[in-house]
Each structure stands twice: as structure tokens, then as C-alpha cells.
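Asks: no sequence on this one, just coordinates:
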């Protein structure tokens, strides 16, 4: 099992910055099987969408809507995933979720409970 706990959300004005964190914990052998970590978000009345991801090898990918503004990173020593969000826009308002995925056992996903980001205009 892998537990994920997000933090760092809050209220910020448009153009501001926030850094989200996702602390991962669990049995080391299981955590070592994670193939990638991702940030998703879900705005009110909308479907959950992928924001950014980072593989176990360090490759990253981003949604077009956040490219150049958001940066995903990972501190292996601290078992923590980050999402640096700059130049925030009101349309970035959403609950942000941390996700960990492994291809083992036919594919398993772990989710945090989310942290709310509100960007005021």
C-alpha cells in the first residue's frame, strides 16, 4: 500500500505562485515499484484532468494548459512529489490530486485526498 497526502493549496491572486507537495509513505518495496507520479486536478462541474507527470526515470510531461507555468519534481530522499505553480490563472482553480501508478499486479493506482487551489481574479 502507498499513502499519499497533499498539502500546499490555498487562495492566491491571479499571477501568483503556489507549491503543492505530496508526501508518499508505505512499504519501501511497494514504493520502489511506482512507475510514475502525476498531478491531476478537478474543477467544479468538470472531469478530472491530468496536469503533470514524472516517471521513475525523471521524464516529465505537462498538459498544454500549464506548460511553461507549472513544474513537477520529486525528492526521492524525502519521498515527496512537488508541483510548482507560477503565473496562476483563475482557470487553474481546482482540487489537485496526487497519483502514483505501478504497472505491477496488472496496474495499480494510488490517490491522495486532494488539496484545494483557488485563484482569484
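Replies: Looks like it arrived, so ask away. Quick caveat: nothing in here was measured; it's all calculated off a predicted structure. Numbers count the residues shown, from 1 in each chain.

Asks: which stretches of this protein form strands?
Replies: For the chain, the strands defined by DSSP state E occupy 2-7, 10-13, 18-26, 36-42, 49-55, 60-62, 70-75, 80-85, 94-102, 108-111, 115-120.

Asks: Now render the ones you listed as TSV, adding mean neighbour count and mean pLDDT.
Replies: In this view, the C-beta of every residue, glycine as well, is placed from N, C-alpha and C. Output for these, formatted as TSV (neighbours: other C-beta atoms under 10 Å; pLDDT from 0 to 100):
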stretch	mean neighbour count	mean pLDDT
strand 2-7	17	95
strand 10-13	13	98
strand 18-26	18	95
strand 36-42	21	97
strand 49-55	18	97
strand 60-62	15	98
strand 70-75	16	96
strand 80-85	22	96
strand 94-102	21	96
strand 108-111	15	94
strand 115-120	17	98
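
Asks: Now do the contacts for residue 14.
Replies: Residues near residue 14 by C-beta atoms under 8 Å, 6 or more residues apart in numbering: 88-90, 119-121.

Asks: Just name the closest of those residues to residue 37, please.
Replies: Proximity of those to residue 37, judged by C-beta to C-beta, is greatest for residue 88, which lies at 21.4 Å.

Asks: any idea how far that closest one is from residue 28?
Replies: 35 Å (C-beta to C-beta, to the nearest Å).

Asks: More neighbours: the two, which one.
Replies: Neighbour count, other C-beta atoms under 10 Å: between residue 88 and residue 28, residue 88 has more, with 22 against 9.

Asks: Many thanks, we can stop here.
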